[in-house]
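Participant: after the sequence you'll find the predicted model.
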Amino acid sequence: MKKIRLVILIVLCVLPAGTVSFGSSRPAEVSDLHEIAFVKAGAAVEVSVLISGEFGNDVFRLTKPERLVFDISPIDTISAAPRTEIQWGGILRVRTGKFNTEVARLVFDLETAAVNYRINRTDAGLKITFWKEVADALLPDERTEIPPAHKPSEAKAEAKPEPEAEVKPAALPGKDKKGFFVQVGGGVGTFLKSTATFDRLFPLYGEQGERTETYKLKLNTPSFLSVGGYFKALDVPVKLGLGIEYWNFKSDGAFEFAVPHPFLPDSPRTLTLTGQFRNYFTSVSVFGLFQVFSNGRLTMFAGPEIGYAFGKYKFLDTVEFDDQPPFMDDDVTITSITYLEKSISSLWAGVQASFEYSFSRSFSLLLNLRALYLNPEIKELSSTFNLSQAHAQIGFQFNF
């Protein structure tokens, strides 16, 4: 009997404790980073990070390229988009991903290192304000830092590599471009004045014969190789380079001769002649192009260039005639023709608009549109020869 009473007493003592223990167990609240939104406010941008549940954060900066990183914990799930384009207030975009099972990482890609920020905690999460104006920049000790409610169990992320889940930007805007480049490509060029006409005299039978030379310039097919680098002037990205080009174009010649009559004054006979020539030029140039705009993968530069072109152009030199009685138009013929391959060289000046479409940090597709003024003087023709052109070129650029 005593043993039965002892067992009942033990059960009565244990039962309340077990009841209290099971009655106090509650499911933990799931924390979720569920949205990233932004509002443009003048030259600044306000980014809202909406989070459900209690959280803390850690903030630090990374360079090459410039980034501001937020580690927020504890975060169980992420419902927000993995990438949000901003392109305002010095922020290019924000990328979101899991750093580990408890930590969500936000990476803000910055245009430059001179981007200021201020952090405020709200009932819905975080509000982060970014701006670029140096005059309004806050000193480091004036920034509002949020004390973390829960520290990540990991060490500070500067000592850690970027998480594999983090989405890398597909291309750099022009302001992030650094270092040097090599360009190669080709295109087509059209002469702004495609026809050139020259009049010259030649002696025959004691009179002056006349000949009219007309050269019609065909399409140029320039190929180019350029090297240079990215720099900054007054905080504007500048592209400086040195280029060499090879020009290859044809010209059609049409010649008309007014041949004096052997004994009738002022009674010239008319002869015509045609020919086709190929001409080759080499051009070296320097250019300075300023960034006009940058929108994700596409960047445009524009600016002046100056160069020096040299090559050879083939002209008609001398013509010999055979004249037979009765000395009518059909009785005079051309017996021999010689051409002069004249060396031409001259400075030229132009403007260029260059479009870069970046596939990666090191490889871009190029489209160059340019116009250049080239008008060398030809002593043998006692005139200038207008070789001004407009070019459209495509090519590839390699950054290193």
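Facilitator: Thanks, I have it.
Participant: low-confidence regions, the stretch 101-250 of the chain specifically.
Facilitator: 133-177 (pLDDT under 70).
Participant: quickly find the element holding residue 254.
Facilitator: For residue 254, the host element (DSSP states H and E) is strand 236-259.
Participant: give me the distance from that strand to the chain's centre.
Facilitator: Centroid separation between strand 236-259 and its chain, computed with CA atoms, centre = their mean, to the nearest Å, is 26 Å.
Participant: partner strands of it, parallel or antiparallel?
Facilitator: If you go by DSSP bridges, strand 236-259 pairs up with strand 207-220 (antiparallel), strand 223-233 (antiparallel), strand 269-295 (antiparallel).
Participant: report the buried residues of the longest one.
Facilitator: So the one you mean is strand 269-295. 269, 271, 277, 279, 281, 283, 285, 287-289, 291, 294 (16 or more other CB atoms under 10 Å). C-beta coordinates here come from the backbone N, C-alpha and C atoms, glycine included.
Participant: helix or strand right after it?
Facilitator: Moving toward the C-terminus from strand 269-295, the first helix or strand encountered (DSSP H and E) is strand 298-323.
Participant: and that next one, what does it pack against?
Facilitator: Applying 3 or more CB pairs under 8 Å, 6 or more residues apart in numbering; DSSP states H and E, one finds that strand 298-323 contacts strand 207-220, strand 236-259, strand 269-295, strand 332-358, strand 363-373.
Participant: the same query, at a cut-off of 7 Å, please.
Facilitator: strand 236-259, strand 269-295, strand 332-358 (3 or more CB pairs under 7 Å, 6 or more residues apart in numbering; DSSP states H and E).
Participant: could you give the mean pLDDT of the second one?
Facilitator: Spelled out, it's strand 269-295. Averaged across strand 269-295, pLDDT comes to 93.
Participant: return the distance of it from the chain's centre.
Facilitator: The answer for strand 269-295 is 24 Å, by CA atoms, centre = their mean.
Participant: what's the answer for the last one, then?
Facilitator: For strand 332-358, the separation from the chain centroid amounts to 30 Å (computed by CA atoms, centre = their mean).
Participant: got the end-to-end distance for stretch 382-397?
Facilitator: Stretch 382-397 has an end-to-end distance of 43 Å (criterion: CA to CA, to the nearest Å).
Participant: about what we covered before: farthest-apart pair in the buried residues of strand 269-295, please.
Facilitator: Spatial extent of those (CB to CB) is set by the pair 269 and 294 at 66.5 Å.
Participant: can you name the residues bridging to the closest residue to residue 272 other than its chain neighbours?
Facilitator: Leaving aside its chain neighbours, residue 272 sits nearest to residue 256 (5.3 Å; criterion: CB to CB, 6 or more residues apart in numbering). Bridge pairing for residue 256 (DSSP bridges) gives the partners residue 212, residue 272.
Participant: ok, how many other residues are close to residue 256?
Facilitator: 14 (other CB atoms under 10 Å).
Participant: next one: the one 3 residues further on
Facilitator: The burial metric for residue 259, expressed as a neighbour count using other CB under 10 Å, is 24.
Participant: how about the helices in the stretch 1-150 of the chain?
Facilitator: For the stretch 1-150 of the chain, the helices defined by DSSP state H, counting those that start in this stretch cover 2-23.
Participant: residue 225 against residue 185, yeah?
Facilitator: No: shown here, residue 225 and residue 185 do not form a contact pair, counting by CB atoms under 7 Å, at 8.6 Å.
Participant: the more surrounded of these two?
Facilitator: residue 185 (18 against 14).
Participant: in space, what's closest to the more buried one - neighbours in sequence excluded?
Facilitator: With CB to CB, 6+ apart, the residue lying closest to residue 185 is residue 395, at 1.8 Å.
Participant: avg pLDDT for whatever helix or strand the one you found lives in?
Facilitator: Residue 395 belongs to strand 389-399 when assigned by DSSP H and E. Over the span of strand 389-399, the pLDDT mean works out to 96.
Participant: now that strand: how far from the chain's centre is it?
Facilitator: From the chain centre to the centre of strand 389-399 is a distance of 11 Å (CA atoms, centre = their mean).
Participant: so in that sheet, which strands flank that strand, and in what orientation?
Facilitator: Strand pairing for strand 389-399, using DSSP bridges, gives strand 180-191 (antiparallel), strand 363-373 (antiparallel).
Participant: outside of it, which residues touch it?
Facilitator: If you take CB atoms under 7 Å, 6 or more residues apart in numbering as the criterion, strand 389-399 is touched by 177, 179, 181-192, 220, 222, 224, 356, 361-372.
Participant: can you give me the strands for the stretch 51-200 of the chain?
Facilitator: Counting by DSSP state E, counting those that start in this stretch, the stretch 51-200 of the chain has strands at residues 56-62, 67-73, 77-78, 83-88, 91-98, 104-110, 116-122, 125-131, 180-191, 195-204.
Participant: got phi/psi on residue 99?
Facilitator: Note on residue 99: backbone dihedrals following degrees, to the nearest 10 are phi -80, psi -40.
Participant: go ahead and confirm it touches residue 105.
Facilitator: Yes: applying CB under 7 Å, one finds residue 99 in contact with residue 105, separated by 4.2 Å.
Participant: what sits closest to residue 365 if chain neighbours are left out?
Facilitator: Ranked by CB to CB, 6+ apart and with sequence neighbours excluded, the top spatial neighbour of residue 365 is residue 357, at 4.5 Å.
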